[in-house]
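Asks: Build the 3D model from these lines:
(2 chains)
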Amino acid sequence: MSKCLKGLALSTLLASPVLADGYGLGRPALPEEIAAWDIDVRPGGQGLPEGRGDVFTGEEVFADYCASCHGDFAEGVDNWPVLAGGFDTLGDKDPVKTVGSYWPHLSTVWDYVNRSMPFGSAQTLEADEVYAIVAYILYSNDLVDDEFELSHENFAEFEMYNADGFIVDDRAETEYPQWRVAPCMQDCKESVEITMRASVLDVTPDQGEDEAAMSDAADGTSDAAAVTEVAMAALDPELVDAGETVFRKCRACHQIGEGAKNKSGPHLNGVMGGPVASNPDFKYSDVFLAAGADGLVWDEAAMAEFLAKPRAYMKGTKMGFAGLKKEADIEAVIAYLKSFDG
Amino acid sequence: MRAPSRRAFLRGSAAAVAGTVAGAAAAQQPDPLITEVQTWASATGEGVDATPYGLPIEFEKDVVRRNVPWLTADPISSINFTPIHALDGTITPQGCAFERHHSGAIELRKEDYRLMINGLVDTPLVFTYADLERFPRENHVYFCECAANTGMEWAGAQLNGVQFTHGMIHNMEYSGVPLRTLLEEAGLEAAGDLADKWIYVEGADASSNGRSIPMEKALDDVLVAFKANGEALRMEHGYPVRLVVPGWEGNMWVKWLRRIEVLDGPVESREETSKYTDVLEDGTARKWTWVMDAKSVITSPSPQAPITHGPGALVITGLAWSGHGRITRVDVSKDGGITWETARLGTTQGDSKALTRFYLDTEWAGEEWLLQARAMDDTGYVQPTKAQLRAMRGENSIYHNNCIQTWHVKANGEAENVEVS
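Replies: Residues are numbered from 1 along each chain as shown, chains lettered A, B, ... in the order given. Below you'll find the predicted structure:
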C-alpha cells in the first residue's frame, strides 16, 4: 500500500469536505443481504465459511464438476486452463502459469472456485465441496499428499509455492525516468532492417473469408428454415421461448442452432428423437457410448429423466451439471431442443 | 451478394494504384454518375421510422467487431476487437466497441438492479437504479483499454491488422455519479484513516469479476456510469451500470456493478493475481500494474486500410492515449524511426485519459515506408520501442505492451505488421 501513500493528491483528496447528511438516498442493507453477497475470501482467510473437504472427496467432486474442461488431472482440455504443474517455468520462454506454479494465495483459489465456478453453474457449490475441490487441486499439483484435508482451521497455514513471486508495480522507478526524456527527431539510428513480418506466421483471421462463410450459411438457411418451421408447428412457442431461457444453464458447454459446433459438450441439433451418442465427432463418456450401442433413443421420457438427475441416470457422465429441479423447466427445455430438430 | 475476400480486395487496390499514374488524371469520358439521372435522384427513399433505431447503412457492414478464435477456449469467456482501422474522430460507437466477458454478457433489467456498499462504512446501503439517477451526475470522456491490448505482439509481429493488434480499446462519453459521492453517502468515518484502505468492486454476472482498488483512486475520478455516448450502456458493456476507472486497465471497469466493499487490504482476487499480473524475464511478476502508459498507433494506412488512391496527397491518421493524463504530442516516422516529424492533433486540447486523434497531412510518391507513431503525454513520458520494453521486461508479460508499432507500407499501397531493428 506504500505506493498509494506516495500519491501527492492523496492528502488533498482525503481532506475535501464530506457532505454532512448526504442525499438521503438508498436504504440500509440488511444483514442477510450482506451475507448473501459479501462472499469474498482474503489472503488471511477472512471471509471463509466453516467447512472441510479432503483430497479423496475432491477427486470425485472435481470429476463431476470440473474435469470436462480442466481434465481429470487438472491438465486442461483444449484451450481451457491448465491448473496443475508448470513448476519453475516462470522464467522460461513459455511459462506455464498454473494454480501450483503461479498463484500466490490459496484464498484466491477458494474464492474463485466458490464465486465463479463451475463455468455455467456458478455459486451452486456447497462450502465443503469447495474445500474438497481446492484440496484436490493442491493434490494434483503434488503440493499435498492424498491424506490431506483442507478446512477453515488449517487454511491459513498453507503457503503457496509462488507466494514470494510477486513485486508491486515498479514502473515509476524502473521505467519512467528512462522514458521521460526529450525524444530524438533526426538521425536516431544508423539504419533500419525489417526483422519479422506478421505474414510469416499467418494467424490473422481472414475477414473476407469470414463474410463469405457467413453468406454461405445464410444462403443455406432457406431449406433449414423450412424444416424448422414444420417441426415448430407442433410446438408451443411460449414453451420454446421459456426453454431458450432455461438453456442458458446449458450453453457454457452446448451449442444449438445454425452453425452449432461441439464444445466441451456435443452440439444438440437434432438430439431429440435421435439415438444417444450419435454425433460422430464428439468424444462421449463410455456410459453414453454403451447406451447408444444398446439402442437408447432420446425420447421425451429419457431426456426428462436425464435432465432431472444427469449423474444418476448416466452413471459416469462427464457432464458437470447438477440437473434441473423444476419439471416445468425440463418440459420447456425439451420443447426448445425439439425446435432444432431436423 | 458475397463480399469480396480481403485478399481479393488487396489485389484490387494494388491494381488501382498501378493504373493511376498521376494523382488527378484528366477525365476521358463524362462520368455517368454525373451525366445520367440516378435512381436515388429520381425515385423516393425510405420514410421516417423505417428503422426506429438506426443502424449503419449496409455499405458499412464490414465495420464490425471481430475476434481471434484461437485466442480463447470459448466465446463466452473471450474478447473481440474494435474496428479502429475504419473509424475516425475519437468517440467509439457503442455498437462496435470491443467486448470482453468472463461468463458472457447478461440481461439485467434496471428494475432488478441493486448496488450494495458494505464493509468499513458507517451505514451499509443498497441503491436501486432509480436511486442512482437522483445523485448529482457528471459527464466525462475516457478510453477503456484492456491490459492485454497488443499482448499477442510481445514475442513478434503476429496479427496483421490494427483491429487485432490495438483494437482492445474504446473511448466513450460516460454519464454517471462519482464513486466518491456514493461512498460518502454510506459514510467513511468507520474506515478511519483512509490512506491504507481499499475498495473491492464486483459484478452481478456469473463470473462476478472482482477487483481491489486503492481508496485514493476510488475517491479521485472513478465514476459509476449508466450512460455512454448519451444512451444507455449496451448489454455487452455492463447495462445498466458499470464502473469507469479512468486511465487504468479495462479489467477494473467492472460491468453489471453490484457491490462495493470498503476494506483494510486488497482481496487478491483471481483477476489481480493469476491474471493481469506481468511476468518479467526472471520469472517474478509485477502486480498492481493498473495504469495504462502512453501509447499510439497509426490506424490508416494500416494492413486493413491500405492506400488505394495512388500517389499524391495522403492523410496518415491514428490514435494516441495515456492513462497518466493528456497527450501533448505525437510524432510520426516514415523510415522506421530514423527521422520523425510532429503530427497535428485532431482535437485542440486532448481530454485527459481519453483518446486523441492525430493527423499527418502528407504526400506519398509510391515509395516504401516503415510507418511509426510515438506518443508523449503531459508527464513527459515518451512511448517506448518494443526493444526498450523487452530489455526491461522480457517477452512474457502478456499485459501492458505499449510499444511503438511499425507498418511496412509497400509500393502497391498495402501495409503489413512488421518488426524493425
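Asks: Distance of B:Ala375 relative to chain A?
Replies: Distance, B:Ala375 to chain A, by CB to the nearest CB, to the nearest Å: 10 Å. Every residue, glycine included, has its C-beta placed from N, CA and C.
Asks: Are we agreed that that residue is in a strand?
Replies: Yes: counting by DSSP: H, G, I helix; E, B strand; the rest coil, B:Ala375 is part of a strand.
Asks: What part of chain A, helix or strand, is modelled with the least confidence?
Replies: The weakest-scoring helix or strand in chain A, judged by mean pLDDT, DSSP states H and E, is helix A:221-233 (a mean of 40).
Asks: For the next helix-or-strand element following it, the averaged confidence score.
Replies: Using DSSP states H and E, the helix or strand that follows helix A:221-233 in sequence is helix A:237-246. Helix A:237-246 shows a mean pLDDT of 87.
Asks: Which other helices and strands does helix A:237-246 contact?
Replies: helix A:327-338 (3 or more CB pairs under 8 Å, 6 or more residues apart in numbering or on different chains; DSSP states H and E).
Asks: what's the helix it packs on packed up against?
Replies: Judged by 3+ CB pairs under 8 Å, 6+ apart, the packing partners of helix A:327-338 are helix A:237-246, helix A:300-308.
Asks: I'd like the mean pLDDT over the last one, please.
Replies: Along helix A:300-308, the predicted confidence averages to a pLDDT of 88.
Asks: can I get the CA coordinates of it in PDB?
Replies: Extracted C-alpha coordinates of helix A:300-308, given in PDB (Å, rounded to 0.1, in the frame of the first residue of the first chain):
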ATOM      1  CA  GLU A 300     -39.000 -37.100 -24.100                       C
ATOM      2  CA  ALA A 301     -39.100 -39.600 -21.200                       C
ATOM      3  CA  ALA A 302     -35.400 -40.400 -21.400                       C
ATOM      4  CA  MET A 303     -34.400 -36.800 -21.800                       C
ATOM      5  CA  ALA A 304     -36.600 -35.700 -18.900                       C
ATOM      6  CA  GLU A 305     -35.100 -38.400 -16.600                       C
ATOM      7  CA  PHE A 306     -31.600 -37.500 -17.700                       C
ATOM      8  CA  LEU A 307     -32.100 -33.700 -17.200                       C
ATOM      9  CA  ALA A 308     -33.600 -34.200 -13.700                       C
END
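Asks: can you give me the helices for chain B?
Replies: Using DSSP state H, the helices found in chain B span residues B:6-19, B:32-35, B:129-132, B:162-166, B:179-186, B:215-218, B:386-393.
Asks: out of those, deepest packed?
Replies: With neighbours defined as mean count of other CB atoms under 10 Å in any protein chain shown, these peak in mean count at helix B:162-166, which reaches a mean of 28.
Asks: Could you list every helix and strand that the helix or strand hosting A:Thr57 packs against?
Replies: Per DSSP H and E, A:Thr57 falls inside helix A:55-65. Helices and strands touching helix A:55-65, by 3+ CB pairs under 8 Å, 6+ apart, are helix A:127-140.
Asks: And the contacts of the helix it packs on?
Replies: For helix A:127-140, contacts defined as CB atoms under 8 Å, 6 or more residues apart in numbering or on different chains pick out A:49-55, A:57-59, A:61-62, A:65-66, A:73-74, A:83-84, A:99-100, A:106, A:109-110, A:113-114, A:125, A:144-146, A:148-151, A:158.
Asks: Then stretch A:115-122?
Replies: Contacting residues not belonging to stretch A:115-122 are listed as A:39-40, A:65-66, A:69, A:123-125, A:249-253, A:320-322, B:76-77, B:102-103, B:206-208, B:210, B:270 [CB under 8 Å, 6+ apart].
Asks: and what of stretch A:182-194?
Replies: Contacting residues not belonging to stretch A:182-194 are listed as B:331, B:335-341, B:370, B:374, B:376, B:382, B:408, B:418-421 [CB under 8 Å, 6+ apart].
Asks: of these, buried ones?
Replies: Listed as buried from the contacts of stretch A:182-194 are B:331, B:335-340, B:370, B:374, B:376, B:382, B:408, B:418-420; burial here means 16 or more other CB atoms under 10 Å in any protein chain shown.
Asks: Next one: B:Leu132 from B:Tyr113, what distance?
Replies: 9 Å (CB to CB, to the nearest Å).
Asks: Could you name every residue contacting both of the two?
Replies: Common neighbours of B:Leu132 and B:Tyr113, using CB under 8 Å, 6+ apart, are B:Val241.
Asks: In JSON lines, list the helices and strands packed on helix A:327-338 along with mean neighbour count and distance to B:Asp62.
Replies: Output for the helices and strands packed on helix A:327-338, formatted as JSON lines (neighbours: other CB atoms under 10 Å in any protein chain shown; distance: least, CB to CB, whole Å):
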{"stretch": "helix A:237-246", "mean neighbour count": "16", "distance to B:Asp62": "30"}
{"stretch": "helix A:300-308", "mean neighbour count": "16", "distance to B:Asp62": "42"}
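Asks: Dump the ones you listed into TSV; add distance to B:Tyr200 as well.
Replies: Below are these laid out as TSV (distance: least, CB to CB, whole Å):
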stretch	distance to B:Tyr200
helix A:237-246	31
helix A:300-308	37
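Asks: B:Thr317 is nearest to which of the ones you listed?
Replies: For B:Thr317, the closest of these is helix A:237-246, at 43.7 Å, according to CB to CB.
Asks: How far does the helix or strand sitting right after the closest one along the chain sit from its chain's centre?
Replies: Going down the chain from helix A:237-246, the next helix or strand is helix A:286-293, by DSSP H and E. Chain-centre distance of helix A:286-293: 27 Å, with CA atoms, centre = their mean, to the nearest Å.
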